[in-house]
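[1] I'll drop the sequence and a predicted model, then ask my questions.
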Amino acid sequence: MFEDEIKRILKMVEEGKLSPDEGAKLIEALDAKEKKKGKVLRIYVLSPDGDEVNIRIPLKLIKFAKKFIPKKFHNIGLGEDMEFDVSQFVEEIGTEVGEYLDVKTEEGDIIKISVE
């Protein structure tokens with residue numbers, strides 16, 4: 001998709017619809033937008049009993065890879081009447097770089113989910 005957009009801009013420059021400077025600015029803007037997209041979903045869990053999960057999943061494989069998340073971490077209690085459904089979150093995650101979850105549960109589990 002990124003390459004198609006660049007080709008379209010170059011074609012518009014070739015046809016005289018855009019100046020070379022305008023085309024360069026558009027390509028730079030596309031490049032900056034592309035760099036903000038994450039490539040990997042990172043799920044990190046540390047439990048008080050020493051269990052540690054540190055998973056890095058390419059976003060392109062996210063739906064396939066979610067079955068490798070240990071079952072005990074699919075639904076995580078975050079406190080009274082609060083639960084975090086990791087499976088559903090993985091299904092709906094976007095590609096924007098950033099930290100999506102950073103929490104310490106009442107049981108002492110540390111859970112971090114981010115897109116890098």
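    That came in fine, so what should we check first?
[2] and the gap between the residue of the chain positioned farthest from its centre and E5?
    The C-alpha centroid of the chain is most remote from G16, which lies 37.9 Å away (CA atoms, centre = their mean). From G16 across to E5, the span is 19 Å (CB to CB, to the nearest Å). In this view, the C-beta of every residue, glycine as well, is placed from N, C-alpha and C.
[3] Repeat that for I43.
    Computed with CB to CB, the distance linking I43 and E5 is 31 Å.
[4] between those two, who's got more neighbours?
    I43 (22 against 14; other CB atoms under 10 Å).
[5] How about the more buried one: what's its closest non-neighbour residue?
    Excluding its sequence neighbours, the residue lying closest to I43 (CB to CB, 6 or more residues apart in numbering) is I55, at 4.6 Å.
[6] Could you report the neighbour count for the one you found?
    Using other CB under 10 Å, I55 is surrounded by 17 other residues.
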